[in-house]
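[1] A predicted structure for the sequence below; I have some questions about it.
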Amino acid sequence: MIELTPEIEAQIEAAYPEYLERGYSTQKADRPPVESAIKRIYKREGIEEVPNFFWVDSPLAARHLMKDAGIDNHDTSLWGAYDIYWLAYYDLARKIAKGKNEDLFDKADDEELDDLLAVASATLWWPFTDCVVCDTPAEIHTDEAGNLHCDDGPAVRYRDGYSLWLIHGHDVTEQIVMNPKTLEFEQITKETNAEVKRIMIERFGPASYAKKSGATILDVDQLELEGSAARLLVQFSDGSKWLLGSDGGTGRAYFMSVFNTVKTCKEAHESIGFCDESKIISQS
């Protein structure tokens, strides 16, 4: 209905941080507007009885509350703030249309969208006869790409202390984040999620893991640059391959995960840097 012009694309790009901030907000929910919006949603669904509201500080607290109340399907929730990604799609389209004196939605749709946006100032909610609502987390940390991430604490910490541990968007355990040196070799080898296993190896220390796994050295060479150190391509017993090299500045050694198809240090380096080594050498 609306032609996507450079002007509108600029509006979309400018609005992105606003919605992202709302989705990652750690500001406590303004409870009266949230409750009022949920009451209207109940009524819209034909439920005339006004629910009682039970606010909790974490999803775990919600689970305990509902379990104690005899509710079995406590794992099923509506998303609140986690729905902001698609609510933003419709809200921004609506704003752009109104800026052009057009209406995308009728009055009823407008009101429903407004209510869902109001509820999105909380985190999760469970609409039964009564309603359980989870407040926002106290802390949320992300990496540069916007993935939930923290390598020295919880990526998400709720107000009662319940925490989620993530490394670059991947679910991990508190042990992996806070005490990686206590990981057992067998723990790592038994991990079935390839990405989590890679993170475990990085946190545990690739050199220590390689030593314990009896890694095989596949190739050894040295970049033709002054001051460069020898580098090694090793393969672990699980088939994964890693390049051991130096950063060229501090002299610290690093293990870098590489594609299993590479056969030499040169191929491994080029697969990481996405360029020909000869260009690196010629520019140095």
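    Perfect, thanks for sending it. Owing to the predicted nature of the structure, the values given are computational and were not obtained by experimental measurement.

[2] so which strand or helix has Leu232?
    Using DSSP states H and E, Leu232 sits within strand 230-235.

[3] Each with direction, which strands does that strand pair with?
    The pairing partners recorded for strand 230-235 under DSSP bridges are strand 216-222 (antiparallel), strand 241-246 (antiparallel).

[4] So what touches the top helix by length along the chain?
    For the chain, the helix with the greatest residue count under DSSP state H is helix 6-23. With contact meaning C-beta atoms under 8 Å, 6 or more residues apart in numbering, helix 6-23 is reached by 2, 81-82, 84-85, 88, 91-92, 95-96, 120-121, 146. C-betas here are computed from N, CA, C, even on glycine.

[5] can you pull the buried residues of it?
    Going by neighbour count (16 or more other C-beta atoms under 10 Å), the buried part of helix 6-23 is 8, 19, 22-23.

[6] what is the rounded mean pLDDT of it?
    If you average the pLDDT over helix 6-23, you get 93.

[7] Output that helix as PDB, nothing but the C-alphas.
    In PDB, the C-alpha atoms belonging to helix 6-23 read as follows (Å, rounded to 0.1, in the frame of the first residue of the first chain):
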ATOM      1  CA  PRO A   6      14.600   6.300   0.200                       C
ATOM      2  CA  GLU A   7      12.800   8.700   2.600                       C
ATOM      3  CA  ILE A   8      10.800   5.900   4.200                       C
ATOM      4  CA  GLU A   9      13.900   3.600   4.300                       C
ATOM      5  CA  ALA A  10      15.600   6.400   6.300                       C
ATOM      6  CA  GLN A  11      12.600   6.500   8.700                       C
ATOM      7  CA  ILE A  12      12.800   2.800   9.200                       C
ATOM      8  CA  GLU A  13      16.600   2.900   9.900                       C
ATOM      9  CA  ALA A  14      16.100   5.800  12.300                       C
ATOM     10  CA  ALA A  15      13.300   4.000  14.200                       C
ATOM     11  CA  TYR A  16      15.300   0.800  14.700                       C
ATOM     12  CA  PRO A  17      17.200   1.900  17.800                       C
ATOM     13  CA  GLU A  18      14.000   3.000  19.500                       C
ATOM     14  CA  TYR A  19      12.300  -0.300  19.200                       C
ATOM     15  CA  LEU A  20      15.500  -2.200  20.000                       C
ATOM     16  CA  GLU A  21      15.800  -0.100  23.200                       C
ATOM     17  CA  ARG A  22      12.200  -1.000  24.100                       C
ATOM     18  CA  GLY A  23      12.800  -4.700  23.600                       C
END
